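K.L.:
quick one, fold the following:
(chains A and B)
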Protein chains: 2
Amino acid sequence: MSQALDELRQRLAEISDLSSAAGLLGWDQQTMMPERANPLRAEQLGTLSGIVHERFTDDAIGRLLHALEGEEEALRQADPDSDDAALIRVARRDYEKSKRVPAELAVEMARAGALGHQAWVQARERSDFASFLPFLRRNVELKRQYVELFDDEGHDDPYDVLLDDYEEGMKTAEVATLFSELRAQLVPLIAQIAEKSDAVDNAPLHGSFEPARQAVLVRGVLERLGWSPDGWRLDEAEHPFAASFGPTDVRLTTRYDPSYIGMALYGGIHEMGHGLYEAGVAPQLARTPLASGASLGLHESQSRLWENVVGRGRPFAGFLHGELQRVFPEQFGAIDAESYYRAVNKVQPSLIRVEADEATYGLHIILRFELEREMIAGTLDLAELPEAWNARMKQYLGIDVPDDASGVLQDVHWSAGEIGYFSTYALGNLIAAQLWQRARADLPQLDEQLAAGDGSALRAWLGDHLHRYGRKLPPKELVQRIVGGPIAVQPFADYLRAKLTPLYGLS
Amino acid sequence: MSQALDELRQRLAEISDLSSAAGLLGWDQQTMMPERANPLRAEQLGTLSGIVHERFTDDAIGRLLHALEGEEEALRQADPDSDDAALIRVARRDYEKSKRVPAELAVEMARAGALGHQAWVQARERSDFASFLPFLRRNVELKRQYVELFDDEGHDDPYDVLLDDYEEGMKTAEVATLFSELRAQLVPLIAQIAEKSDAVDNAPLHGSFEPARQAVLVRGVLERLGWSPDGWRLDEAEHPFAASFGPTDVRLTTRYDPSYIGMALYGGIHEMGHGLYEAGVAPQLARTPLASGASLGLHESQSRLWENVVGRGRPFAGFLHGELQRVFPEQFGAIDAESYYRAVNKVQPSLIRVEADEATYGLHIILRFELEREMIAGTLDLAELPEAWNARMKQYLGIDVPDDASGVLQDVHWSAGEIGYFSTYALGNLIAAQLWQRARADLPQLDEQLAAGDGSALRAWLGDHLHRYGRKLPPKELVQRIVGGPIAVQPFADYLRAKLTPLYGLS
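P.N.:
Numbers count the residues shown, from 1 in each chain, chains lettered A, B, ... in the order given. Prediction:
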């Protein structure tokens, strides 16, 4: 290794350590920290992120990256999958993005996001969009300033700049095409199902479920999927998430709703999908910027694959049904496997994205993507956002929104300035179906394994084809390698139709 | 505030944030972290401590401290208790110490300490001092190099340099005088008690105690002393400790021994004493180097005061007895309060320091202090340390040491290079008795309050006289202010005799 590469690695390793420390402080804040520590924790996180930014945008890193241009090319020619070449590529991408953003704008975006978040919490409680509007305006204004910093790059759509932060290389026009096709598939499917909405009953998932027993259930299920106490944790959090501070320290959170078993069980499997991705990154990528998922869409493909495709698929749902009968005999003793399978696959238009089923979920995302584009383009007056939201909810899902709390104020993202993020959720669903199609072809015993509660073969397949690469490859290249083509709608649409047609007796 | 002071505060606040982050990583490592994360966590902690050292020894801090010399004096003249003057004083002390230590020596001491710790764990398991000897030699050699860095300061004893790191301003000769007086008090007292060793029975503390119920008991007791979930945590750790990341985030740990209730109960009260000190530091000192205890001796005075003087004193022991009867009715239903009080005050020479009672504890410390002085002076061949240890155990406590695991290898400190630390434990006992004498004089209702399980008046008294100052005053000045004189042996000796004379029917 050249001295320049050695120095770059050393600097990036320290930055990775600092980021992991900040990550742990964030995890602790949401799971362990006493409430009164909040103001001090904010200072600690602010200091850490400031030092990370300062160290990462140090001109010395720019000089090292410049000095390494020839070596990067040589490394890649010697080995197209060279870790070091990928490290230099990703570090350069991140560095050049960071360098464009003046410290004042970064600080102001963080500040406006924090203030916006506070205002949103209160506005949502009172269902009062007007009180949130000035904070949203500020966030959007700052995002538009951010977009302008990249104007010389010649993007086709200002929204491209935001999208690229979450999904490298993805263009707004591509997402719009995919979403238009997705909408064309979903709307008639959901309409057909609406006519037979009584065909599926999800009552078995509702009842009384003691949290301590839920915890036993969830941990048992996750252990079948690869969770183990020597490298993982499972804790409670109000807003569940997965975090990792290296492949040997993956931490999942879940929430035990005492009257609905789906929250902890499927939420836990969802976070497990994220966790498996982080845990599966090749060990030699630890302490580098390559040691995480390739994009938000790919990350979400993993949580969705395990939660929906596996968890709501007939084989593994059968296993889950057995576990539920064992842990909650009073609640599930009289429920047969088929009724359970039907219950977890009920499709029903609803107000809240995070509670939406697999089929209607995509329409919640399309609605947000369209509104975000207009917000950034400046073609939508933000004061009219609630009306625009409600009109689309009616149009796409046939639903009347009773108030802004369960409408435009339901999601946290915009309050914190996270604009450009939503579409990756739906891209994840599309990718999950594509990966599933390929994995099934490679693993002829997959259904039998999953029916026995054994996720190891699928986990190994995903590890080998996706997880181990971390951020080494651009997401589009990675998808192309694994599924032999770009992100596409048809596999997801076929998967949904194949499942829902018999379930609802559709033609 | 001058611009220089403003900048100093800002720099110190960031260093404090980084230290708190490192503290949280350490807490997490001992309470929450999955085991496989250990190697990565070591990297993260190494990076953080490196950055703390780098930032704190930055020449810019030296220039600010130099520029602030006049302002410091003016601030102190305007207000002898000026927070800012104290901040400058303490920052200068810490800075000048840090600057004397070359980075290579600091790194080598940390490395030798880590290697020594590993070697010690194995050596203790096999009771094999010889395998640990080379690591101990290295630690002592490095400590002697460290001492030499301060030679120009003209200390009377090389050990002064080490002592000053844990107990600012304390001299070896002073400790030696105190300890010689303490030994003269303890040895005959313990000999008298040995003749009547059957007078007190601690059997009630041993039995079967379900950990979950122990946790309920301990938390209930700590809540009476000021613990509350909004600013504190209580978790399990193999080697219990207290940590804090600001006065609003204090974390205690304890260990539930299923066959001995004293471990969790008195260990918990001990850590609570440390926690109350950290929680009681004035809020405006947060994010400064003043935001912690003034010295290890003063810190230990707080844990010992609550654990021994309060927790084993008749009034609060009566309250604890009632709690034990309530939570463990089978074990304590037939034990009266007097038997419980006697049980928790049994005095019996024993091999292990951390299990020693209030009276014999001091002799364990004196032995270690004497050996440390000889190790640093070079007058003791380290190969002969076990023999020297065993001879003193026989002389001071009348005990034959069966093997090095329960002798010279029992403590972690020397393995990690912590030499100069032990005496502060016994100083803490002395200070605790002095504080107690004064608090009782100021609080005429104290016994009645403690008998009712109410620690609030004593907590407020300690907060007002000690805790709120943090590190603002040098420890000697603080002791002088509160008790009107220097650290002294007589109050502790009187306290012990007054308690043990009736208990053992001594003359």
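K.L.:
show me the contacts for residue A:264.
P.N.:
A:211, A:214, A:215, A:217, A:218, A:254, A:255, A:256, A:257 (C-beta atoms under 8 Å, 6 or more residues apart in numbering or on different chains). In short, each C-beta sits where N, CA and C put it, glycine included.
K.L.:
could you check how far the residue nearest to the spatial centre of chain A is from chain B?
P.N.:
Residue closest to the mean C-alpha point of chain A, counted by C-alpha atoms, centre = their mean, is residue A:300 at 3.9 Å. As judged by C-beta to the nearest C-beta, to the nearest Å, residue A:300 and chain B stand 24 Å apart.
K.L.:
and residue A:189, by the same measure?
P.N.:
43 Å.
K.L.:
who's in contact with the helix or strand containing that residue?
P.N.:
Taking DSSP states H and E as the criterion, residue A:189 maps to helix A:172-194. Identification of contacts with helix A:172-194 by C-beta under 8 Å, 6+ apart yields A:156-157, A:159-160, A:163, A:347, A:349, A:359-360, A:362-363, A:365-366, A:369, A:373, A:396-398, A:423, A:426-427, A:430, A:487-489, A:492-493, A:496-497, A:500, A:504, A:506-507.
K.L.:
likewise for stretch A:348-359?
P.N.:
With contact meaning C-beta under 8 Å, 6+ apart, stretch A:348-359 is reached by A:186, A:189-190, A:193-194, A:197, A:308, A:312, A:345-347, A:360-361, A:364-365, A:368, A:393, A:397-399, A:401-402, A:406-407, A:410-411, A:429, A:496, A:500.
K.L.:
pull the CA atoms of that stretch into CSV?
P.N.:
Extracted in CSV, the C-alpha atoms of stretch A:348-359 (Å, rounded to 0.1, in the frame of the first residue of the first chain):
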residue,chain,number,x,y,z
GLN,A,348,-56.9,-1.9,2.8
PRO,A,349,-56.3,1.7,1.9
SER,A,350,-55.5,3.7,5.0
LEU,A,351,-54.4,7.1,6.2
ILE,A,352,-51.0,6.3,7.7
ARG,A,353,-48.0,5.3,5.6
VAL,A,354,-46.2,3.3,8.3
GLU,A,355,-49.3,1.2,8.9
ALA,A,356,-50.0,0.6,5.2
ASP,A,357,-50.0,-2.8,3.7
GLU,A,358,-47.6,-4.0,1.0
ALA,A,359,-49.9,-3.0,-1.9
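K.L.:
per-residue confidence at the residue nearest to residue A:471 when sequence neighbours are not counted?
P.N.:
Nearest residue to residue A:471, sequence neighbours excluded (C-beta to C-beta, 6 or more residues apart in numbering or on different chains): residue A:290, at 4.5 Å. pLDDT, residue A:290: 98.
K.L.:
before we move on, back to that, quick one, what contacts the residue nearest to the centre of chain A?
P.N.:
By C-beta under 8 Å, 6+ apart, the contact set of residue A:300 is A:424, A:425, A:427, A:428, A:429, A:431, A:432.
K.L.:
close enough to count as contact, the third one and residue A:489?
P.N.:
It stands for residue A:427. No: with contact defined as C-beta atoms under 8 Å, residue A:427 does not count as touching residue A:489 (10.3 Å).
K.L.:
and residue A:297, what helix or strand is that in?
P.N.:
Assigned by DSSP H and E, residue A:297 belongs to helix A:296-304.
K.L.:
okay, angle between that helix and helix A:172-194 too, please.
P.N.:
Computed by axes from the mean of the first three to the mean of the last three C-alpha atoms, to 10 degrees, the angle separating helix A:296-304 from helix A:172-194 equals 30 degrees.
K.L.:
now for the helix ranked longest in chain A, which elements pack on it?
P.N.:
For chain A, the longest helix by residue count, based on DSSP state H, is helix A:3-31. Applying 3 or more C-beta pairs under 8 Å, 6 or more residues apart in numbering or on different chains; DSSP states H and E, one finds that helix A:3-31 contacts helix A:38-56, helix A:59-67, helix A:83-100, strand A:242-244, strand A:250-254, helix B:3-31, helix B:38-56.
K.L.:
of those, which is nearest residue B:469?
P.N.:
Comparison of these against residue B:469 by C-beta to C-beta identifies helix B:3-31 as nearest, at 17.2 Å.
K.L.:
pLDDT on that closest one, on average?
P.N.:
96.
K.L.:
what residues sit buried inside that helix?
P.N.:
By 16 or more other C-beta atoms under 10 Å in any protein chain shown, the buried positions in helix B:3-31 come out as B:4-5, B:7-9, B:11-31.
K.L.:
which one of residue A:427 and residue A:489 is surrounded by more residues?
P.N.:
Between residue A:427 and residue A:489, residue A:427 has the larger neighbour count (other C-beta atoms under 10 Å in any protein chain shown), namely 29 against 23.
K.L.:
show me the contacts for the more buried one.
P.N.:
Residue A:427 touches A:167, A:170, A:175, A:178, A:297, A:300, A:301, A:487, counting by C-beta under 8 Å, 6+ apart.
K.L.:
okay, and it sits in which element?
P.N.:
For residue A:427, the element it lies in under DSSP H and E is helix A:423-442.
K.L.:
count of residues packed around the closest residue to residue A:336 other than its chain neighbours?
P.N.:
Of all residues not flanking residue A:336 in the chain, residue A:321 sits nearest, at 7.9 Å (C-beta to C-beta, 6+ apart). Neighbour count of residue A:321, defined by other C-beta under 10 Å: 21.
K.L.:
wait, residue A:261 sits on residue A:328?
P.N.:
Yes: between residue A:261 and residue A:328 there is a contact at 7.4 Å, judged by C-beta under 8 Å.
K.L.:
who touches both of the two?
P.N.:
A:209, A:217.
K.L.:
these two: who's more crowded?
P.N.:
Under the criterion of other C-beta under 10 Å, the comparison of residue A:261 against residue A:328 puts residue A:261 first, with 28 against 19.
K.L.:
in contact with the residue in the stretch 351-500 of chain A positioned nearest to chain B, which residues?
P.N.:
Minimum separation of the stretch 351-500 of chain A from chain B (C-beta to the nearest C-beta) falls at residue A:470, amounting to 14.9 Å. Residues near residue A:470 by C-beta under 8 Å, 6+ apart: A:281, A:282, A:285, A:290, A:291, A:292, A:293, A:294.
K.L.:
give me that answer again for 6 Å
P.N.:
By C-beta atoms under 6 Å, 6 or more residues apart in numbering or on different chains, the residues touching residue A:470 are A:281, A:285, A:290, A:291.
K.L.:
I'd like the residues you listed laid out as CSV, including neighbour count and secondary structure.
P.N.:
Below are the contacts of residue A:470 laid out as CSV (neighbours: other C-beta atoms under 10 Å in any protein chain shown; DSSP: H, G, I helix; E, B strand; the rest coil):
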residue, neighbour count, secondary structure
A:281, 26, coil
A:285, 21, helix
A:290, 24, coil
A:291, 22, coil
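K.L.:
farthest-separated two in the residues you listed?
P.N.:
Spatial extent of the contacts of residue A:470 (C-beta to C-beta) is set by the pair A:281 and A:290 at 7.5 Å.
K.L.:
okay, now residue A:394: neighbour count?
P.N.:
There are 12 residues near residue A:394, going by other C-beta under 10 Å.
K.L.:
what segments of the stretch 351-500 of chain A are strands?
P.N.:
Counting by DSSP state E, counting those that start in this stretch, the stretch 351-500 of chain A has no strands to list.
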